[in-house]
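> 3D, please:
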Amino acid sequence: MLLKHLINPKPSIIVFFGFFCVFFSAFPLVQFDIGIVFNHPYLHPLIVLFLSIASLFFLSTGINNMIYEKNIIRKENLVVGFVFILLSSPFINIPEAWISFFLLLFAFNFLLESYQKELPFSQFYNASMILAIITFLFPGLFWLLFLLIIGGISYSNINWRIICTIILGFATPFLFYFVFVFLIELPLRIPEFFNFSWPRFLSFKETDLSQKIWLAIFLLVVMFSFFELFSWLYKKSIKSRRTFITIIWFFIITILISISFGWKYLYFSTLPLSIIIGNYFVYTKKKRIANGLFFLLVISSFYYKYMIIFNM
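I've put the predicted structure just below:
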């Protein structure tokens, strides 16, 4: 029962976690050449492989530590980080998204730090400023500004001064960008925040068998996780309850963004989804079902990785 070892983990499990990140990132190389799996228009495949391993380890541990330190999930665990690794299975060759996700973690952390702050101006300013920087790579994440407002409402510290702070923080990187472009005399390029399009997602018939299996198990785990969350949400502490409401909105907004701007934006939905699924695996009383689902998710993720080129 792997879940048992990931809750209140021993030092040996933490070492195993690090090796698992390396093994899971490099697993497609069992079947395919590195130049095919980690092909990138600007970067050497070895650099992309290194970034894949590094991002998987630091992002998973970053999410895990943030959730535990903020007492959102009170039990010490590596489940949230492990779940994030498994959910990131379809995303193997997107260095720009890894960098943006890393910055998004800081923005979300600042939002969580605003809880019970009398004057959380610096938290909201920093969060909105980071979001503005990310939009240079992923313009659709502009709409996560609504998450800051929802978080402020949930934490009962929203007012007109906070909204002005959010706007000022978001405008700051663009002000520096405009000055830089003016001095260097470069062409001005503004992110297209409203460039909505209906992206084409693969139909069920077009997907590979490994993708169908992974998606089926993934959706089953998501269903159990949301049922567990809504069943026990009223019993959680006030902070956890309000934070999980924000996390649910985080998930909804990122899904809507991915529908409007493209499938790569689905990668950012793994942040709130990892927390929700991790909460289920940590707290559910039906351990046999949870262990079975977790085992199936692990196996299907490895199968998905093994056949990854056919899914791209």
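> this structure: helices as residue ranges?
2-6, 11-26, 34-37, 45-69, 79-87, 95-113, 121-134, 145-154, 160-184, 209-232, 238-261, 266-283, 287-306, 308-311 (DSSP state H).
> now do the buried residues in the third one.
Same thing as helix 34-37. V37 (16 or more other CB atoms under 10 Å). C-beta: built from backbone N, CA, C; applies to glycine.
> which of the helices of the chain is buried the deepest?
helix 79-87 (a mean of 25; mean count of other CB atoms under 10 Å).
> show residues contacting it.
Identification of contacts with helix 79-87 by CB atoms under 8 Å, 6 or more residues apart in numbering yields 3, 6-7, 17, 20-21, 24, 56, 59-61, 63-64, 67, 73, 218, 270-271, 273-275, 277-278, 281-282, 297-298, 301.
> between it and helix 95-113, how many degrees?
With axes from the mean of the first three to the mean of the last three CA atoms, to 10 degrees as the basis, helix 79-87 and helix 95-113 are set at 150 degrees to each other.
> contact partners for S60?
Counted by CB under 8 Å, 6+ apart, S60 has contacts 17, 21, 80-82, 84-85.
> report the separation between it and M129.
Going from S60 to M129 by CB to CB, to the nearest Å gives 25 Å.
> got it, and V79?
Distance from V79 to M129, counting by CB to CB: 31 Å.
> so where's the stretch 201-312 of the chain uncertain?
Low-confidence segments of the stretch 201-312 of the chain (pLDDT under 70): 201-207, 309-312.
> kindly recompute the last result at 90.
201-212, 230-241, 259-264, 285, 287, 304-312 (pLDDT under 90).
> and the closest residue in space to V37 that isn't next to it in sequence, what's its pLDDT?
Setting aside the residues directly before and after it, V37 is nearest to P28 in space (CB to CB, 6 or more residues apart in numbering), at 4.6 Å. pLDDT, P28: 87.
> got a list of what P28 touches?
Per CB under 8 Å, 6+ apart, neighbours of P28: 37, 92, 305-306, 308-309.
> separation between S258 and L59?
From S258 to L59 the distance is 18 Å (CB to CB).
> swap in L266?
15 Å.
> same check on L296?
Counting by CB to CB - L296 and L59 are separated by 23 Å.
> do Q31 as well
The value you get for Q31 to L59, if CB to CB is used, is 24 Å.
> any idea how far L293 is from the residue nearest to S269 when sequence neighbours are not counted?
Distance criterion CB to CB, 6+ apart; nearest residue to S269, sequence neighbours excluded, is T254 at 3.9 Å. Counting by CB to CB, the gap from T254 to L293 is 23 Å.
> so where's the stretch 51-200 of the chain shaky on pLDDT?
68-77, 89-94, 115-119, 155-159, 177-200.
> picking up where we left off before, let's have the helices of the chain in a markdown table, adding distance to E192.
As requested, these are exported to a markdown table (distance: least, CB to CB, whole Å):
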| stretch | distance to E192 |
| --- | --- |
| helix 2-6 | 41 |
| helix 11-26 | 32 |
| helix 34-37 | 30 |
| helix 45-69 | 26 |
| helix 79-87 | 28 |
| helix 95-113 | 16 |
| helix 121-134 | 14 |
| helix 145-154 | 16 |
| helix 160-184 | 14 |
| helix 209-232 | 30 |
| helix 238-261 | 9 |
| helix 266-283 | 17 |
| helix 287-306 | 32 |
| helix 308-311 | 28 |
